[in-house]
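**Student:** All I have is the shape, not the residue letters:
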């Protein structure tokens, strides 16, 4: 009886502690978003830095993004060939590849790769700057760390990640086409016919919309976590891991949510 | 003038400052001494508003720091130079850009010619060659990083200078150079300074008055002579410990010299 009561009490404490922590994060994240909006007026500070970040993120990520998209397109073609050969007209393969890449694989794989690559980098950079007092130094100079550090990174991600997603879509499309020609010998005419038959311009908008939401997750979450890093090198490591996990889970959550909201109403 | 009135600060269950009151007159240099982890840096951060006290008030230049709006605080900070313990230089910028960021007046910050001249002037004040301006922080020694940190802090021509352990981690020779620099900046710029340190010898050299922070409270305040004459057991214990450290350092330096 006493044990049961203690267990209930412990559970309540645990729930209470987690609720407080979640509320704290929600509050701090909201303040960060407000600071970002407020910082938009300081364009002379963040525009040049955003340009540098965009170049760095874009050039640094394009190879891995295109590589993964290329393999994803090829594998989707080969598996479609394995599953459907003899059961559906050949042009359907074109539809499968285009829709799979544009609606799902292009944006999601790009988002997940960049959550690891860009998200980890942002969290580690800002975390290191926090524990080495560089962020305090900026504040002590009367300058806003949000305008100098976070806004350029977020804006760079919001511009570059959708662009990378579109490149990934194109690469996946062509690699899928080549793989289909090599594996089941589909003609160009059949592939193009299938690709165009079910394609709607809205699919591209959907792909782009997903990419923008994923870009927000890949930039805002790691920046928030890195900015609030504590406890030295260990804290930087913890923040980096947490940033990648949180951004990746958020991408998967947003993927489901956007599919429900934009495709199934 | 800088005033701390009954300032208290705690982190979870750890009481770091407990009713700390201090006063630093215009043009004065106050050294805040105490063992590591006693809350000296926290005191400094409450002065420029990087940390908000749980209780009490901090008044700088007649302004109540904890009550200032973001814009007011930003304006006040432009009058306060802050020298961080390990320099806190921005890794991605070279020395010139680091120092330039210290120019807090936005119009002057945009003036390339003024900035170039000011960076040169600040490097001269901290005894660094103009060529250092193009180096990255990773290419600098510990002592040079501290000097660049000081140069950045004075670039905006501040009225107040806060030094957080300016000589920690430096060998005695470089520590002397930094102490000399603190003295020189006080004399040349006439700034009001607070120097946080656990180095008694250096603090007594640069400070007009000394305060000892001990177990979250101010245990002694006065001129170096008055503090040296104190019979307070905590003051004696702290001074003796520092004296032992000085002797060990002196022996180690002597051994290194005889070895080489």
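**Tutor:** Received it, and whenever you're ready, just let me know what you need. From a predicted model like this one, the values you see are computed outputs, not experimental measurements. Residues are numbered from 1 along each chain as shown, chains lettered A, B, ... in the order given.
**Student:** If you rank every helix and strand of chain B by mean pLDDT, what lands last?
**Tutor:** helix B:233-259 (a mean of 65; mean pLDDT, DSSP states H and E).
**Student:** meant to ask about chain A, not that
**Tutor:** That would be, for chain A by mean pLDDT, DSSP H and E, helix A:2-39 at a mean of 87.
**Student:** Show the low-confidence segments of chain B, by residue range.
**Tutor:** B:242-260 (pLDDT under 70).
**Student:** mind redoing it with 50?
**Tutor:** Scanning chain B for pLDDT under 50 picks out no residues.
**Student:** Let's check: the centremost residue of it is which one?
**Tutor:** residue B:163 (0.5 Å; C-alpha atoms, centre = their mean).
**Student:** That residue is in contact with residue B:182, isn't it?
**Tutor:** Yes: using C-beta atoms under 8 Å, residue B:163 is in contact with residue B:182, at 6.5 Å. For glycine as for every other residue, the C-beta is placed from the backbone atoms N, C-alpha and C.
**Student:** Which stretches in chain A count as helices?
**Tutor:** Secondary structure of chain A (DSSP state H): helices at A:2-39, A:43-84, A:91-99, A:106-114, A:120-131, A:134-140, A:145, A:151-184, A:188-197, A:201-227, A:232-258.
**Student:** So which of these is nearest chain B?
**Tutor:** helix A:134-140 (3.9 Å; C-beta to the nearest C-beta).
**Student:** Give me the next element, helix or strand, following the closest one.
**Tutor:** Sequence-wise, the next helix or strand downstream of helix A:134-140 (DSSP states H and E) is helix A:145.
**Student:** so what's the residue nearest to the centre of chain B up against?
**Tutor:** B:83, B:150, B:182, B:193, B:194, B:195, B:196, B:197 (C-beta atoms under 8 Å, 6 or more residues apart in numbering or on different chains).
**Student:** Of these, which are in range of chain A?
**Tutor:** With C-beta under 8 Å from any C-beta of the partner chain as the criterion, the contacts of residue B:163 include none near chain A.
**Student:** In a markdown table: those residues, plus neighbour count.
**Tutor:** Listed next are the contacts of residue B:163 as a markdown table, based on neighbours: other C-beta atoms under 10 Å in any protein chain shown:
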| residue | neighbour count |
| --- | --- |
| B:83 | 29 |
| B:150 | 27 |
| B:182 | 26 |
| B:193 | 26 |
| B:194 | 25 |
| B:195 | 28 |
| B:196 | 26 |
| B:197 | 26 |
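**Student:** I'd like those as TSV, with distance to residue A:29 and secondary structure appended.
**Tutor:** Conversion of the contacts of residue B:163 to TSV gives the following (distance: C-beta to C-beta, whole Å; DSSP: H, G, I helix; E, B strand; the rest coil):
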residue	distance to residue A:29	secondary structure
B:83	32	strand
B:150	36	helix
B:182	41	helix
B:193	38	strand
B:194	35	strand
B:195	38	strand
B:196	33	strand
B:197	38	strand
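**Student:** Just give the closest residue to the spatially most central residue of chain A, not the sequence neighbours.
**Tutor:** Taking C-alpha atoms, centre = their mean as the criterion, residue A:111 is the residue nearest the geometric centre of chain A, at 3.1 Å. Distances taken as C-beta to C-beta, 6 or more residues apart in numbering or on different chains place residue A:214 nearest to residue A:111, at 3.4 Å, with adjacent residues excluded.
**Student:** The one you found and residue A:107 touch, don't they?
**Tutor:** Yes: contact criterion C-beta under 8 Å: residue A:214 and residue A:107 qualify, at 6.1 Å.
**Student:** Which neighbours do these two have in common?
**Tutor:** With C-beta under 8 Å, 6+ apart as the test, residue A:214 and residue A:107 both reach residue A:165.
**Student:** Show me what stretch A:21-37 is in contact with.
**Tutor:** By C-beta under 8 Å, 6+ apart, stretch A:21-37 touches A:144, A:146, A:150, A:151, A:154, A:220, A:223, A:224, A:227, A:228.
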